[in-house]
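*Asks:* Just a sequence and a predicted model for now, questions to come.
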Amino acid sequence: MRRNWVVGCKYRSCAFGKRRLAVHLFPSVPTQQASAQTPMDRDRIVDAARAISLLLVVAGHAVMGVVWWQHDSIKLGNLLAAFPWTQLVTWLLQISPLFFFAGGAANAISWDKHVKRNGTYANWMWLRTQRLLRPLWAYLIFAGFLAGFFTSFTDSKVTAPLMSLSTQLIWFLGCYLFVTALAPLFIQATPWRGALMTFGLIAASGLVDGVWLFASWPKAVALLNFVLVWSVPAYLGSLRARGTLARYSRKLLWSVVIMDLIINALLIKFGPWPLSLVGMPGEPISNMAPPTIVLALHSLTLVCLVTLFNVPLTRTLARPKVWRRITGINLVAMTLYLWHLPVLAVLFTASHFLGWERSTKLGNSGYPIPNGWGYLLGSLGFWAAFAFMVWAIVRFLWPLEHGALPWWDSAPQSKPPEKRAANILVGVGSAGAGIAMLILSATGLDGFPAKVAHYAGIPMNSAAAIAFLVGSGALIRWSGAVRSN
């Protein structure tokens, strides 16, 4: 539906092969039209979960980011680390699992419709990947060129910490591609089977935590939880799309919420898991990267709460003004997600060289912390500038999510593989693309293209990861795209 809004409005258009790309200088986001034509049976809560979790991610990064400048070098910190008691707030604001919950529901609906049309797995995965990666290609071209320039011509003391942020959020796309590839395995289930599958995924994530935290296995084993943990909300999303979640009693759902909170409290109190549900600088263990059983249980808690408050949420989202805002955010979701951290990095740098940076100092931990109430006063202007800059870049770049790209969106000319081989190759390509994006997230673009970084004892290079991502994307396209003839 959203693609039709972009190419169907009153814009001039030009052809890329068989497709047409709307071109217009700064086209407005067609929020009014899209919201007005929302199907009556659309699950608005799924869209709202995606939009609200995205807004909280963007706002959280703007609020939590703390920088300290000494001459022309920079050190990055986190407001939650400066005031440890604030880490409790992450239990209210960490709703990233709802991204995957919404995605799991959307994937289940899309897959069921595709099967009814006798479509193949390879073609379905290509269509999902095509849409997911389209805005990423433009971002990587820009970021890669900028990183190469900074590596060659600027002082790494300033650029290195900021370029490390440039691809940090791409982990989400990699994990989302993993759970999308697994979506056909999330079949229609009875409440009992749904509960057993959910329990199995959470138990498996706990086992992974156990073998590297307590059995001295290499930390690389923990990387499996990028699939297992994020499969929990994605699977629960498929249960919602097929009506299974609605069949659980309210008493059972409240019991699960209470049980999850108790188990997580015990894990944090007596185990090595940290209190914060977001990564803290300098901490040896994070509940986010790699994700842990604590986050898996938190995902289940969030989904149960959404289900429990289904009626009032549905009533609220039926209001036209509320729904228009949700629709507008979802129309530009990937642009907002990919570009808000670079905007933040630019603002950090510009505020320093203009002499407007907020007052900070190094804390006892060696990371920057606010230096008095002046920091808060300075933050008001900083946040206002950030909001304006994010709005401006989203307003400019949002069509990249929906317009066709040369080559990527054109039909392959080569002969396709046979059905079974295509399905296998698409699976291989999806795994490769997901791994490449996780590597990019871990390395950043500091020292691009030659620098080698290490994560969980594994050497990684961002340029090689980009090349691997392009190759994996090309494999998915060749295996799953429909030929024009």
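*Replies:* Yep, it's here.
*Asks:* right, and I326 touches A48 too?
*Replies:* Yes - the criterion here is C-beta atoms under 8 Å, and I326 meets it with A48 at 5.1 Å. (C-beta placed from N, C-alpha, C; glycine too.)
*Asks:* hey, what's in contact with both of these two?
*Replies:* L317 (C-beta atoms under 8 Å, 6 or more residues apart in numbering).
*Asks:* Of those two, which one has the most company?
*Replies:* A48 (24 against 21; other C-beta atoms under 10 Å).
*Asks:* if I look at that one, how far off is E418?
*Replies:* A48 is 42 Å from E418, where distance means C-beta to C-beta, to the nearest Å.
*Asks:* cool, and A450?
*Replies:* Distance of A450 to E418, given as C-beta to C-beta: 41 Å.
*Asks:* nearest spatial neighbour of T129, skipping sequence neighbours?
*Replies:* Counting by C-beta to C-beta, 6 or more residues apart in numbering, I476 is the residue found nearest to T129 once chain neighbours are left out, at 5.0 Å.
*Asks:* And R358, by the same measure?
*Replies:* Per C-beta to C-beta, 6+ apart, closest to R358 is G378, 3.8 Å.
*Asks:* what's that neighbour in contact with, if anything?
*Replies:* Contacts of G378 (C-beta under 8 Å, 6+ apart): 356-359.
*Asks:* what does L162 give?
*Replies:* Contacts for L162 (C-beta under 8 Å, 6+ apart) come out as 74, 345, 348-349.
*Asks:* can you map out the strands along the protein?
*Replies:* 12-16, 19-23, 65-70, 73-78, 360-362, 368-370, 452-455, 458-461 (DSSP state E).
*Asks:* Comparing the ones you listed by mean pLDDT, which bottoms out?
*Replies:* Of all the strands of the chain, the minimum mean pLDDT falls on strand 12-16 (a mean of 30).
*Asks:* hmm, back to that, for the residue nearest to T129, what are its contacts?
*Replies:* I476 neighbours (C-beta under 8 Å, 6+ apart): 125-126, 129, 425-426, 429-430, 433.
*Asks:* cool, and A51?
*Replies:* A51 touches 325-326, 329-330, 333, counting by C-beta under 8 Å, 6+ apart.
*Asks:* and if you look at F83?
*Replies:* Per C-beta under 8 Å, 6+ apart, neighbours of F83: I369.
*Asks:* Next, P274: phi, psi?
*Replies:* phi -80, psi 160 (degrees, to the nearest 10).
*Asks:* quick one: contacts for it?
*Replies:* 87, 268, 280, 283, 285-287.
*Asks:* one more time with 7 Å
*Replies:* The contact partners of P274, taken as C-beta atoms under 7 Å, 6 or more residues apart in numbering, are 280, 283, 285-287.
*Asks:* Check the spacing between it and F100 real quick.
*Replies:* P274 is 21 Å from F100, by C-beta to C-beta.
*Asks:* what's the answer for I435, then?
*Replies:* Separation of I435 from F100 (C-beta to C-beta): 18 Å.
*Asks:* Just list the residues touching the closest residue to G174 other than its chain neighbours, thanks.
*Replies:* By the measure of C-beta to C-beta, 6+ apart, the closest residue to G174 outside its immediate chain neighbours is M437, 3.2 Å from it. M437 sits next to 170-171, 173-174, 469 when contact means C-beta under 7 Å, 6+ apart.
*Asks:* Same list (the residues you listed) but as CSV, adding pLDDT.
*Replies:* Listed next are the contacts of M437 as CSV, based on pLDDT from 0 to 100:
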residue, pLDDT
I170, 91
W171, 92
L173, 93
G174, 94
L469, 95
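*Asks:* got the residues you listed as a markdown table, with distance to H340 and neighbour count columns?
*Replies:* Formatted as a markdown table, these follow (distance: C-beta to C-beta, whole Å; neighbours: other C-beta atoms under 10 Å):
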| residue | distance to H340 | neighbour count |
| --- | --- | --- |
| I170 | 13 | 25 |
| W171 | 15 | 22 |
| L173 | 15 | 24 |
| G174 | 18 | 23 |
| L469 | 21 | 25 |
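*Asks:* okay, those in TSV with distance to L80 next?
*Replies:* As requested, the contacts of M437 are exported to TSV (distance: C-beta to C-beta, whole Å):
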residue	distance to L80
I170	22
W171	19
L173	25
G174	25
L469	31
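*Asks:* Closest one of these to S28?
*Replies:* L173 (26.4 Å; C-beta to C-beta).
*Asks:* How much space separates the closest residue to the closest one other than its chain neighbours from Q70?
*Replies:* Nearest residue to L173, sequence neighbours excluded (C-beta to C-beta, 6+ apart): M437, at 5.2 Å. Applying C-beta to C-beta, the value for M437 to Q70 is 33 Å.
*Asks:* same question, F270
*Replies:* For F270 relative to Q70 (C-beta to C-beta), the value is 40 Å.
*Asks:* before we move on, what about G372?
*Replies:* Taken as C-beta to C-beta, the span from G372 to Q70 is 18 Å.
*Asks:* which one of the strands of the chain is the most hemmed in?
*Replies:* strand 368-370 (a mean of 22; mean count of other C-beta atoms under 10 Å).
*Asks:* for the strands of the chain, which one sits closest to F382?
*Replies:* Here strand 65-70 is closest among those (C-beta to C-beta), at 9.4 Å.
*Asks:* and the strands of the chain as CSV, adding distance to T443?
*Replies:* Converted to CSV, these look like this (distance: least, C-beta to C-beta, whole Å):
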stretch, distance to T443
strand 12-16, 32
strand 19-23, 32
strand 65-70, 20
strand 73-78, 16
strand 360-362, 26
strand 368-370, 23
strand 452-455, 5
strand 458-461, 5
